[in-house]
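Participant: Next one to model:
(2 chains)
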Amino acid sequence: MNKLTYFPGCSAHGTSEEFDHTLKLVMKTLDVQMEEIPDWNCCGATSAHVMTENLALALPMRNLVLAEKLENKTMGIACASCYSRMKVTKKHLDEHPDLAHKINTTIIDEGEYKGDIDVKSMLQYCFEEIGPEVIKSKVTKPLTGLKVACYYGCLLTRPKDVTHFDSPEYPMSMDILMEALGAKAMEFDFKTECCGASFSISNTDVVESLSGKILEVAKESGAHMIVVACPLCQSNLDMRQPDIERHTGQKFALPVMYFTQLMALAFGFPEKELKLPKHIVPVQEALSHIGEIEPTPEKVKKTKKAVEAESEVE
Amino acid sequence: MARVGVFVCFCGANIADFIDVPAVVEEAKKVKEVKVSVLYKYMCSDPGQQMIRDAIIQNRLTSVVVAACSPRMHEKTFRKALSDAGMNPYLLEVANIREHSSWVHQKDKKAATEKANDLIRMAIAKSIANEQLHEISVPVTKRALVIGGGIAGIQAALDIADARIPVTLVEKSPSIGGRMAQLDETFPTLDCSQCILTPKMVDVASHPYIELIPYAEVIELDGYVGNYKAKIKKKASYVNFDTCTGCGACTQKCPVKVPNEFNMNIDKRKAIYTPFPQAVPNKPVIDAEHCTMLLKGKCGICAKVCEKGSIDYKMVDEVIEREIGAVVVATGYDLWDPKPYEEYGVGRYKDIITSLEFERMVSASGPTNGVPLRPSDGKVPKNVVFIKCIGSRDEAKGIEYCSKICCMYTAKHAILLHHKVHDSHAYIFYMDIRAAGKGYEEFVKRAQVETAATYLRGRVSKIYKKGDKLMVRGEDAQIGQVVEVEADLVVLATAVIAPHENPALARLLGISYDKYGYLSEAHPKLRPVETAKAGIFLAGCTQAPKDIPDTVAQASACAAKVCGLFAGDTLKKDPMISTISNEFCSGCLNCVKVCPYQAIVTEEIPLGHGSKELRTVAKINEGVCQGCGSCVAICRSMAISLAGFTDPQIINEIVAI
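Facilitator: Model prediction:
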C-alpha cells in the first residue's frame, strides 16, 4: 500500500466533484492510500500572486508545511492552479533558505518548512510513480474504439524550470495513459494552448474565442471527446461550449472528461460512479464508441516500387 | 659600471596632461647609473628615435629605458632604434606609464607622477641586469596542410599552390566541394553554385602542387611552427583509386540503398557511391556500414561488374605521415537540429523542412529535379512559409548568436521558389533583416518587390495541421496582430553551428575554441586568420558563420599568411624563452604539466659525469616555447630561467621599489 498526501483544492470539493470522486476510486484500485491534508487552505490562485507576493507565497507555504507533517514522500494535487502555486512556492523556498522565516510571520505559524516533500500533479503522480504498465494491468474494460484528444492546459507542464515534467509544448504523458486504457490518443496540436481561463469571469469573449479554437482543432483531430487533468480546463471547455457553439455557429458536441473518469471506466466501475450528469455537454454519445472496431485499411496491392522499397536495406 | 639612458614620452597630451613629465625626468637622474634622462613629445616618431640613437652613441649607454606606452605598442620600434645604434635590442626596457598610470589615474596627477617614478625606477633596475639576447632561427618545411575540402579549403589550397608551395589537402568525405556543392544558386547574383565551384574542384585535382587526400582525417599533429609532423588516416575506400576509371557500373548494379546525406536524406544512394555526379575525385567508395558484402560476406556484385578489378574488400585503413610547416583549418559548419521547436510540430509533420532540404529540392541536380515537393504527398506547394532565426538568436532553445547567412539565403529561396513554381507565394517571418554586404540589400528588395514575397515581422508561435495544410500562426508586429497563414510547406532557416568534431580537432591541433565549438582566432580584429598557435590558420565557418565571399577572402588571407611564413629558409623567433639547467632539474616534470604549448619534453642524461646510469630531466623545445613563464613559476628547484625575465632582473625590479 502506497501512501499519498492529497491536496484537493477548492474545486475538487465543488465544481470538479467528479474528478475528486473518480480519483479516489482509481487510487483505491491502484492500491494507493490518499491522506487529505487536515485543515488545508486556499492556494491563493489566481488573485494572491497579482496582489501581494508575500501572501502568494504564504498561503501555499502553510499547505506545504502541513503536508510535510504527514510524512509521505509525495503530495498529489488535483487542480492545476493549486499545483502551479505550490510548485512555484516550493521552488522559491528551496532556492532561498532564509525566505521561509521571512514569510512565516504573516500567517498562523504551523511549524518549520523542511522542503522534503515531492509536489506532483495527479497526472504526474499516475504517470511517474504508478506508471502506464501498472495502470494497464488494472484495466478490465478496455476503451477500445474511443478516440480522445488530451488537453493539458497551460500549467501542468509549465514553466519547464518549475514543473520538470513532460514537454512544455507537446506533452505525451496523458496520451500514453489513455493508450494504456485502450483508447486512441489523437494527434492534437492544441494540447497546451491557452483556454483563456484568467478571463473566465471578466471577459468571456476572449475565453470563447480561445477555447473555441481548441475545440475546433480537437474536433478536426477526429476525437470523440477531450480528456483533461485540470478543473478549470474542464469547466471552460465544457461549460462554455454551448455559448461558443452559438457564437461561432459551429457544432462541436465534444464532451470534456477527466482522465480519472476514463480510468475508472476502464477499471470496471459502473457508469453511475463517473457522475456523468454533472457534465454540460452530454457524454453518452461519445462513450458509445467504446467497443467499436476500427476498420482495418484495405490491403493495397503492392506495386513493383513498393516491393523494391521494402527490400532496401535501411 | 652600467650606463643607463632614460627617455620619457609626453605621448602628446596622453601622458603629459596627467603626469608631471619634467619632474619624472629629474627624478630618474637621481639614480646613479642614469647618465642621460630626457623628454620628448612623441618618442616613437623619427626625431624621437633619433634622439635615442644619438644618446646611445654619445653616452656609451649599456641599457635603455623608454617610459611611454605599452610595450605591446612600440617595443619593436624602440628595439629597432637600439639595433640601428649598434646596440643589442634586448637591452631595452619599456616603462608603461601610459596604460599603467596616466590613463588610469587621470584624477590624481600627484599619485600618477609618483607611480610613473616607481615604474621607471623598476625599469632602470631591471635594465641593468639585462643580457644580450639573439633571435633564434628555426628551419622551415615548405609544405602546407589544409584540413577540409569545402570552398574555404579549396581556395586556400589553390592560392598557396599557385605560389609554388606544395599543399596536402585532406577531406573527410569521398569528395571535395563541401556545403557549397549542395547549394543551387548563390546570393546576391544567383550564380549557379556548381558552375562556379566545380572548375575550382577540378583545378585542385589537377594542380601539380596539390596532393589531394580524400576520405581521410588528420589524427595527430606534432611539432611546432615550420616543423609539424601530421599523421593522416586514410579510411578504407575498398576501391583502388589508381585503377578505377570512375565508369559507375558498380554504383548502378549495387542492390543496397542508403539515405543520401548529400541530398539531406530526401532520396537514396547506393552502398558503393560517389556523393554527387561532379565529385572530385570521381571515384566511388564503399560505405562499410551498409555494404552487405563487408557486413555479411554476401553479394560481391560490384567486384563482379568492375572490369578493372578495382574493388578490394580486404582494404584496411592506412595511416600516412607528412612533414609540413603550416596548417590551414577549414572544417566548415553544421546545421542546428530544430527538434526543440515542439510547438511547430517539428518531427511530427513531414511538410516542415529545413532550408538545406529546400535548397537540395530546388537544385536542378537535386532529388526532385529542381521542383520543390511536399514530402507528405509529393505535391507541388503553392503557399510556402519561411521562418528565419530557428535556433539563432534564441537563448531559450538554441544559441545566442546570429547565423549571418539566413536572411540572405531565405530571400534567395523566395526568389527561387517563384522561379520554379510561378503561381506560388512566399511568406517570410523574420525578426530583423540583416542584409549588410555588397548588393545584399538590393537583393532582399528584389525578393520583396519583384517576387512579391510577403515579409512578416514577428515570430511564429504555433504550427498546427488543418486537413492537409499547415496553419502557421504568428505575430505581425507591424500591425500588432496575430496572423495565420495556410501553408503547403514550411521551411525553417536553422542556425549555423560549429562542426561537432571541432573541439576534438582543436585539442589534437593544440588550438583553442569558444563555447560554441568555433575555433578561436588570435585577435578578433587584428589577427582574424591566425590562431594563438604559430603556423596554424583558420578559414571559413569553422571560425564563425560567414557567407561565401567572406569565406573565400579569409581563405586567401590564410594563403598569404602561409606564403609569408615560408618566404625565408628559416623562421626568426623571439629569444625570450625558457631554458632549463640540467644540474638543478630534479625531473619532477611539473613543468611538462603546466606548459600550455606542449613545449617541454623529457630527456635522459647520465646520472653523474661519465656515469652509465640515466636520469630524466625536462627539456625545452625552442621552436615551440612562447616564453609565457608558467614553467618558471612551477619549478620548485629553480632550474628554469626565462630569458628577459631572469631572477636577477625581477629581484632588481622589486628592490627598486
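Participant: Now do the SS call for A:Ile226.
Facilitator: Classification of A:Ile226 using DSSP: H, G, I helix; E, B strand; the rest coil returns strand.
Participant: Over to A:Ala149?
Facilitator: strand.
Participant: Give me the nearest residue to B:Glu220, chain neighbours excluded.
Facilitator: Excluding the flanking residues, the one nearest B:Glu220 by C-beta to C-beta, 6 or more residues apart in numbering or on different chains is B:Lys231, at 3.8 Å. Any C-beta I mention is one placed from the backbone N, CA and C, and that applies to glycine too.
Participant: Surely the one you found touches B:Ile219?
Facilitator: Yes - between B:Lys231 and B:Ile219 there is a contact under C-beta atoms under 8 Å: 5.2 Å.
Participant: neighbour-wise, which of these two wins?
Facilitator: Using other C-beta atoms under 10 Å in any protein chain shown, the more surrounded residue of B:Lys231 and B:Ile219 is B:Lys231, with 15 against 12.
Participant: what helix or strand is that one on?
Facilitator: strand B:227-234 (DSSP states H and E).
Participant: Quick one: mean pLDDT over that strand.
Facilitator: Averaging pLDDT along strand B:227-234 yields 96.
Participant: quick revisit: find residues that contact each of B:Lys231 and B:Ile219.
Facilitator: Common neighbours of B:Lys231 and B:Ile219 are listed as B:Val319 (criterion: C-beta atoms under 8 Å, 6 or more residues apart in numbering or on different chains).
Participant: Quick one: residues contacting the residue nearest the centre of chain A.
Facilitator: In chain A, the centroid-proximal residue (C-alpha atoms, centre = their mean) is A:Ala229; its distance is 1.5 Å. By C-beta under 8 Å, 6+ apart, the contact list for A:Ala229 reads A:Ala80, A:Ser121, A:Met122, A:Leu123, A:Tyr152, A:Gly153, A:Leu156, A:Met174, A:Tyr258, A:Phe259.
Participant: Same question for B:Val380.
Facilitator: Here B:Val380 is in contact with B:Val371, B:Pro372, B:Leu373, B:Arg374, B:Val421 (C-beta under 8 Å, 6+ apart).
Participant: For whichever residue of the stretch 201-350 of chain B sits closest to chain A, grab the count of nearby residues.
Facilitator: Nearest residue of the stretch 201-350 of chain B to chain A, counting by C-beta to the nearest C-beta: B:Glu342, 3.6 Å away. B:Glu342 has 18 neighbours, counted by other C-beta under 10 Å.
Participant: my read: it touches A:Glu169, true?
Facilitator: Yes - contact criterion C-beta under 8 Å: B:Glu342 and A:Glu169 qualify, at 3.6 Å.
Participant: quick one: what helix or strand has B:Glu93 in it?
Facilitator: Using DSSP H and E, B:Glu93 falls in strand B:92-96.
Participant: Tell me the strands beside that strand, with direction?
Facilitator: strand B:63-68 (parallel) (DSSP bridges).
Participant: Could you list the residues in contact with the strand it pairs with?
Facilitator: Outside strand B:63-68, the residues that reach it (C-beta under 8 Å, 6+ apart) are B:2-9, B:11, B:15, B:24, B:28, B:43-44, B:52, B:56, B:74, B:78, B:82, B:87, B:91-98, B:116, B:119-120, B:123-124, B:127-128, B:130.
Participant: Ok, stretch B:283-300 next?
Facilitator: With contact meaning C-beta under 8 Å, 6+ apart, stretch B:283-300 is reached by A:313, B:174, B:215, B:236-239, B:241, B:244, B:246, B:248, B:250-251, B:255-256, B:258, B:271-274, B:302-303, B:311, B:313.
Participant: Same check on stretch B:215-230?
Facilitator: Identification of contacts with stretch B:215-230 by C-beta under 8 Å, 6+ apart yields B:138-141, B:145, B:147, B:168, B:170-174, B:231-235, B:237, B:285, B:319, B:321-327, B:505, B:508-510, B:533-535, B:565, B:571, B:599, B:621, B:623-624.
Participant: Among these, which are located in helices?
Facilitator: B:Leu505, B:Leu508, B:Leu509, B:Leu565 (DSSP state H).
Participant: B:Val327 is in contact with the third one, correct?
Facilitator: Yes - counting by C-beta under 8 Å, B:Leu509 touches B:Val327, with 6.8 Å between them.
Participant: Find the residues that touch each one of those two.
Facilitator: B:Leu221, B:Ile536.
Participant: More neighbours: those two, which one.
Facilitator: B:Val327 (25 against 21).
Participant: Show me the beta-bridge partners of that one.
Facilitator: Counting by DSSP bridges, B:Val327 is bridged to B:Leu145, B:Ile536.
Participant: Determine which residue lies closest to the centroid of chain B.
Facilitator: Of all residues in chain B, the one closest to the mean position by C-alpha atoms, centre = their mean is B:Leu538, 3.1 Å from it.
Participant: my guess is that residue meets B:Cys558, correct?
Facilitator: Yes - between B:Leu538 and B:Cys558 a contact is recorded at 7.2 Å, counting by C-beta under 8 Å.
Participant: what does the stretch 201-350 of chain B have sitting close to chain A?
Facilitator: When proximity is defined as C-beta under 8 Å from any C-beta of the partner chain, the stretch 201-350 of chain B approaches chain A at B:255-259, B:268, B:271, B:290, B:292, B:342-343, B:345, B:348.
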